[in-house]
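> got a predicted model here, sequence first, then my questions.
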Amino acid sequence: MEMRIDFPGGKRVTSTYKGFTVETDQPKSEGGDDSAPEPYDLFLSSIGTCAGVYIVYFCESRDIPTQDISMTLRFERNETSHLMEKITIEIHLPPAFPDKYRKAVIRAAEMCTVKRTLTHPPEILVTTTGEP
């Protein structure tokens, strides 16, 4: 599997994968144009949307409507290291959501591949190519 990363100018960086291009930028305070989300914002979004799709799968398999379900992702960042110390996903279920599935929908969200990857992080290697 391979993803292409390009640098179209300024502080913008894009990734292209499976025919989709994802744009990122930095805020004006960091020298960017604030034209797209920061890469870290997309990282946080990927956690929430990944958990969300597992909730969709869970509900669809039980014919539970999802239009009144939402989630809030909250995070606490260490001001010194700038790394996340805690991420909380709160699932907002409508009153009509079946009580017998409330714990199960949490387990479904916890199956998120992004979350599981963070729990068992991969080795990340950075290399260069080309002539010096």
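Arrived safely, thanks for sending. Numbers count the residues shown, from 1 in each chain.
> so residue 3 is in contact with residue 16, correct?
Yes: under the criterion of C-beta atoms under 8 Å, residue 3 is in contact with residue 16, at a separation of 7.0 Å. Yep, even glycine has a C-beta here, placed from its N, CA and C like the rest.
> in terms of packing, which of these two has more residues around it?
Taking other C-beta atoms under 10 Å, residue 3 and residue 16 do not tie; residue 16 has more neighbours (13 against 9).
> and that one, bridged to which residues?
Assessed by DSSP bridges, residue 16 has beta-bridge partners residue 4, residue 21.
> tell me who's in contact with the spatially most central residue of the chain.
Centroid-nearest residue in the chain: residue 46, 1.3 Å away (criterion: C-alpha atoms, centre = their mean). Residues in contact with residue 46 (C-beta atoms under 8 Å, 6 or more residues apart in numbering) are residue 114.
> let's verify it: helix, strand, or coil?
What DSSP: H, G, I helix; E, B strand; the rest coil gives for residue 46 is helix.
> so what pLDDT did the nearest residue to residue 48 once chain neighbours are set aside get?
Spatially, and ignoring its direct neighbours in sequence, residue 48 is nearest to residue 73 (4.3 Å; C-beta to C-beta, 6 or more residues apart in numbering). At residue 73, the model reports a pLDDT of 97.
> now swap in residue 131 and tell me
For residue 131, pLDDT reads 77.
> run a quick neighbour tally on it.
3.
> again with residue 128
5.
> wait, a helix at it?
No: checked against three-state DSSP, residue 128 lies outside a helix; its state is coil.
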